[in-house]
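Q: got a sequence here, can you model it:
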Amino acid sequence: MKKLLAGLLVLLVLAAAALHFLHLDSLLWHAWRLGAQPSQASGLQLDDYRVDLEGVQIAGLDDDVSALTYNSESQTLFAVLNGEPLLVELSLAGELLRKVRVQGVQDMEGLTHVAGNRYVVAEERSQRLLVLDVPPDVSVIDVAGAPSLTIGLDLNGNKGFEGLSWDGRTQRLLVVKERDPLRVLSVTGFVDARVGEPLAVQIQELKSPGSPRLFMHDLSSLSMHDETGHLLLLSDESHMVVEYDKAGEPLSLLGLWRGMSGLQGTIPQAEGLAMDEQRRLYLVSEPNLFYRFVPGN
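A: Below you'll find the model as predicted:
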């Protein structure tokens, strides 16, 4: 009997270690917590989403895609590369439409569309934010003279600013710091600053390192859904997208593991996240893989 109990204990320890190694502990904990939450009709119901384009290779790129944003005016997607300083335009099926070389930047990781031809990019290591004008007919832009803001929070190399999203409802820029520590920041007074007027930038932490509602191992990207006012956070290491309501409570979860959401394989390294007016969700993953998820019926 003692040997049997000892054997069961060893199996439990090994199972717990395996769950932790695969980060399934975080996923199972999330699923349990979300299952205890009452369903909200106003939510996106990510649990019901299904993949309809999986692992499409983005042809014509030599470096990995990092960050993703949706332009509702052109009805196309934009991304940046984390090596060669390029901003690229993609179709909603992951086809490469255009390359724009960006001169004067290093290590672009975050990107978001604001309005018209205006975008904001983030340099990861320096934590510099830049407002760029990207007309539809250009192939090269120079950031010299572009409005910029360097925050320099917890500078620690390749674990800096990883994602951006423009919140059109409240006119604020949302920023995620990848890890060590995880942070979600709100920046106001920068993107909409007017030339010649005093700069009144305010930075607020929406989710701090000790937040009980932020359980991911890292943060790779984020997207604000203006229609609902809900925030989507993407974690590469935890393999999940989590929807948070306006109060910061988790509402629904999209698992990025094989067998979840119709996936034939686990998404290897999710780096960018965006959503369109039809609530279709787009992801890009290294090495240059494109995914599209659609709402359930």
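Q: the closest residue to residue 267 other than its chain neighbours: what's it in contact with?
A: Ranked by CB to CB, 6 or more residues apart in numbering and with sequence neighbours excluded, the top spatial neighbour of residue 267 is residue 256, at 4.3 Å. The way it works is simple: take the backbone N, C-alpha and C, and place the C-beta from them, glycine included. Counting by CB atoms under 8 Å, 6 or more residues apart in numbering, residue 256 touches 239-241, 263, 266-267, 270, 283.
Q: residue boundaries of the strands in the stretch 101-250 of the chain?
A: Along the stretch 101-250 of the chain, the stretches classed as strands by DSSP state E, counting those that start in this stretch are 108-115, 118-123, 128-133, 140-142, 148-150, 161-167, 172-177, 183-188, 202-207, 221-225, 230-235, 240-244, 250-255.
Q: ok so, going back, ok, and the most crowded of the contacts of residue 256?
A: Neighbour tally across those (other CB atoms under 10 Å): the maximum, 28 neighbours, falls on residue 241.
Q: number of residues surrounding the residue lying closest to it once chain neighbours are set aside?
A: Excluding the flanking residues, the one nearest residue 241 by CB to CB, 6+ apart is residue 254, at 4.2 Å. If you count neighbours by other CB under 10 Å, residue 254 ends up with 25.
Q: so how far is residue 243 from residue 254?
A: 8 Å (CB to CB, to the nearest Å).
Q: and residue 263, which of the three is it?
A: When classified by DSSP: H, G, I helix; E, B strand; the rest coil, residue 263 comes out as coil.
Q: secondary structure class for the spatially closest residue to it that is not a sequence neighbour?
A: Spatial nearest neighbour of residue 263, excluding adjacent residues (CB to CB, 6+ apart): residue 51 at 5.5 Å. Classification of residue 51 by three-state DSSP places it in strand.
Q: quick one: residue 51 and residue 291 touch, right?
A: Yes. Contact criterion CB atoms under 8 Å: residue 51 and residue 291 qualify, at 6.2 Å.
Q: number of residues surrounding residue 185?
A: Based on other CB under 10 Å, the number of other residues close to residue 185 is 19.
Q: got a list of what the nearest residue to it once chain neighbours are set aside touches?
A: Spatial nearest neighbour of residue 185, excluding adjacent residues (CB to CB, 6+ apart): residue 175 at 4.4 Å. With contact taken as CB under 8 Å, 6+ apart, residue 175 is in contact with 110, 122, 129, 151, 161, 163-164, 183-187.
Q: please repeat the previous calculation with a cut-off of 7 Å.
A: 110, 122, 161, 164, 185, 187 (CB atoms under 7 Å, 6 or more residues apart in numbering).
Q: again with residue 203
A: Here residue 203 is in contact with 151, 185, 187 (criterion: CB under 7 Å, 6+ apart).
Q: what's opposite it in the beta bridge?
A: Beta-bridge pairing for residue 203 (DSSP bridges): residue 187.
Q: use 343 as the first number for this chain going forward.
A: Sounds good: first residue 343 from here, last item residue 545.
Q: ok, it to residue 407 distance?
A: Distance from residue 545 to residue 407, by CB to CB: 28 Å.
Q: before we move on, the earlier item: how many neighbours does the residue nearest to residue 605 have?
A: 20.
Q: pretty sure it contacts residue 632?
A: No. Counting by CB atoms under 7 Å, residue 393 does not reach residue 632; the two are 11.0 Å apart.
Q: quick check: bridge partners of the residue nearest to residue 605?
A: residue 635.
Q: now do residue 408
A: residue 422.
Q: correct me, but it touches residue 451?
A: Yes. At 5.3 Å, residue 408 and residue 451 qualify as touching, with contact defined as CB under 7 Å.
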